[in-house]
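Novice: Next come a sequence and a model predicted from it.
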Amino acid sequence: MPGTEAGDVGTRIVGGTRASISDYPWAVYLTNTAGSQFCGGALVAPNKVVSAAHCTINRSASAVRVVAGREDKNGTAGVVASVTSIWNHPDYRSYLIGEDVSVLTLDRDLPYETLPLATPADTALYEAGTTSKVLGWGATSSGGAASRYLLEVDVPVTSDATCAGAYSQYNSTAMVCAGFPEGGYDACQGDSGGPLVVDGKLIGIVSWGNGCAWAGYPGVYARVSTYAADIQAQLG
Ligand code: ARG
């Protein structure tokens, strides 16, 4: 909760709590062939996962696995799917510029509920102050170790002016920010590619930030509504 003392911060995602995979069946993570988790993602069609281009741009499909239905990385629940192809946004150059979006095609249809995409009609979901939820298995503090379990944290969407004030690279077409002015709650390293959700829709993809959960530096996410048509075209 906002207003929690600083000493309480840094235990989960950053400032979050454990989440049940049964509540977020579309939450997935990406591993290398050795099973080491490096990013998150969201199942948006039975055989399609949205993630961040910076997670996938330097990897071949054959080197990536998607783990679905598994809350505990040390467990065996769910499915480990192979990836048959990766689409990175063709204009992606750097997450600081934008277009930090990718779509992975899986070797099979997964038996899990999918997450709908926000579209350009969903402007209300991006209003400043709207509570959004970010999920992932990434670091629980800036520079810290990754989480064994799926974690969730609620953060308010910030205005474009607030985010532009924090980051000179902020581009309101390509990006959206979320976080409390006083920090304390955020995504972090290893959460990249994972979902930012409002009202049951994917509005953002974990992309970057200055540290994690630092006061004055909200998390930056790829703005899904901008890329909805490009993503949809990959869902075939
Ligand atoms: N780039 C990081 C990753 O690859 C995600 C950073 C998100 N940072 C933040 N403060 N929200 O996992």
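Specialist: That came through fine.

Novice: what does this protein put close to the ligand?
Specialist: 138, 186-192, 206, 208-209, 212, 219 (CB under 6 Å from any ligand atom). Bear in mind the C-beta positions are built from the backbone N, C-alpha and C, glycine included.

Novice: Export those residues as a markdown table, with columns for secondary structure, pLDDT and distance to residue 63.
Specialist: Formatted as a markdown table, those follow (DSSP: H, G, I helix; E, B strand; the rest coil; pLDDT from 0 to 100; distance: CB to CB, whole Å):
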| residue | secondary structure | pLDDT | distance to residue 63 |
| --- | --- | --- | --- |
| 138 | coil | 97 | 20 |
| 186 | coil | 98 | 29 |
| 187 | coil | 98 | 24 |
| 188 | coil | 97 | 24 |
| 189 | coil | 97 | 20 |
| 190 | coil | 97 | 17 |
| 191 | coil | 98 | 20 |
| 192 | coil | 98 | 17 |
| 206 | strand | 98 | 21 |
| 208 | strand | 98 | 23 |
| 209 | coil | 98 | 26 |
| 212 | coil | 97 | 27 |
| 219 | strand | 98 | 27 |
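
Novice: Can you say which of these are buried?
Specialist: Listed as buried from the residues of the chain next to the ligand are 138, 186-192, 206, 208-209, 212, 219; burial here means 16 or more other CB atoms under 10 Å.

Novice: with these in mind, which one is nearest to residue 45?
Specialist: Proximity of these to residue 45 (CB to CB) peaks at residue 206, which lies at 19.9 Å.

Novice: circling back to that earlier point, list just the nearest of the buried ones among the residues of the chain next to the ligand to residue 38.
Specialist: residue 190 (6.8 Å).

Novice: what about the strands in the chain?
Specialist: Here the chain has its strands, by DSSP state E, at 17-18, 27-31, 37-45, 48-51, 65-68, 79-88, 102-106, 131-136, 151-156, 175-178, 195-198, 201-208, 219-223.

Novice: Just give me the residue right at the centre of the chain.
Specialist: Residue closest to the mean C-alpha point of the chain, counted by CA atoms, centre = their mean, is residue 194 at 2.1 Å.

Novice: need the contact list for it.
Specialist: Residues near residue 194 by CB atoms under 8 Å, 6 or more residues apart in numbering: 27, 29, 39-42, 51, 134-136, 138, 187, 205-206.

Novice: of all those, which comes closest to the ligand?
Specialist: Lowest distance from the ligand to these (CB to the nearest ligand atom) belongs to residue 187, with 3.8 Å.

Novice: The closest one against residue 39, yeah?
Specialist: No - using CB atoms under 8 Å, residue 187 is not in contact with residue 39; the gap is 11.1 Å.

Novice: How about the residue of the chain at minimum distance from the ligand: what's its closest non-neighbour residue?
Specialist: Among all residues of the chain, residue 209 sits closest to the ligand, at 2.4 Å; criterion: CB to the nearest ligand atom. Spatial nearest neighbour of residue 209, excluding adjacent residues (CB to CB, 6 or more residues apart in numbering): residue 219 at 4.6 Å.

Novice: Could you do residue 143 as well?
Specialist: residue 189 is the one closest to residue 143 (CB to CB, 6+ apart), at 7.7 Å.
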